[in-house]
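K.L.:
The following comprises the amino acid sequence and a computationally predicted model.
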Amino acid sequence: MQIVLMILRIFVSYIFVVSGWAKIKQQSDFEKIVHSYQILPKFVIKPFTVTLPLIKITLGILFGLGLFTRITAIVIISLLCLFLSAIIINLIKGKSIPCGCSGKLKKSRISWNLVIRDLTLIIVLASIYYFNGGKIGLDYFLTKVIKY
């Protein structure tokens, strides 16, 4: 079970670090995609598209290392819920816009499959939260091994 938890943590970590890095590299494209959702006011879009990738990378690294695992899981779940809300709102409106999820910012579009994927990620994160990230991570090492 511990290996499975570690693999799941690293998988989620990889998704967040890679997608955050892709958004940094393609910042102007990401900005246009966020604008196409028509949810955020224009003056918020630039700061949002600059800070979100850094937040995703930071969360991905912390989660992969198993450091502050439960708090990080809650924050990632919260972000996924926000993303899901934006996706569902636009799907209900009948829009077909780029999702802005990964390195292929312009290629994948929002869909109900994306909603299912994000809900699955939330279930994975909730499982990791429940098991406190497992015994293979810095949280366990700091609290059990060196009694930090």
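P.N.:
Structure's in. What do you need? Numbering: from 1, shown residues only.
K.L.:
Just give me the neighbour total for residue 87.
P.N.:
By other Cβ atoms under 10 Å, the residues close to residue 87 number 22. For glycine as for every other residue, the C-beta is placed from the backbone atoms N, C-alpha and C.
K.L.:
Quick check, it in contact with residue 114.
P.N.:
Yes - using Cβ atoms under 8 Å as the test, residue 87 is close enough to residue 114 to be in contact (6.0 Å).
K.L.:
can you list residues touching both of those two?
P.N.:
Taking Cβ atoms under 8 Å, 6 or more residues apart in numbering as the criterion, residue 87 and residue 114 both touch residue 99.
K.L.:
Over to residue 102. Which of the three states is it?
P.N.:
coil (DSSP: H, G, I helix; E, B strand; the rest coil).
K.L.:
ok, residue 45 touching residue 36?
P.N.:
No - applying Cβ under 8 Å as the test, residue 45 and residue 36 come out as separate, 10.3 Å apart.
K.L.:
So between the two, which is more surrounded?
P.N.:
More crowded of residue 45 and residue 36, by other Cβ under 10 Å: residue 45, with 18 against 14.
K.L.:
Sounds good, over and out.
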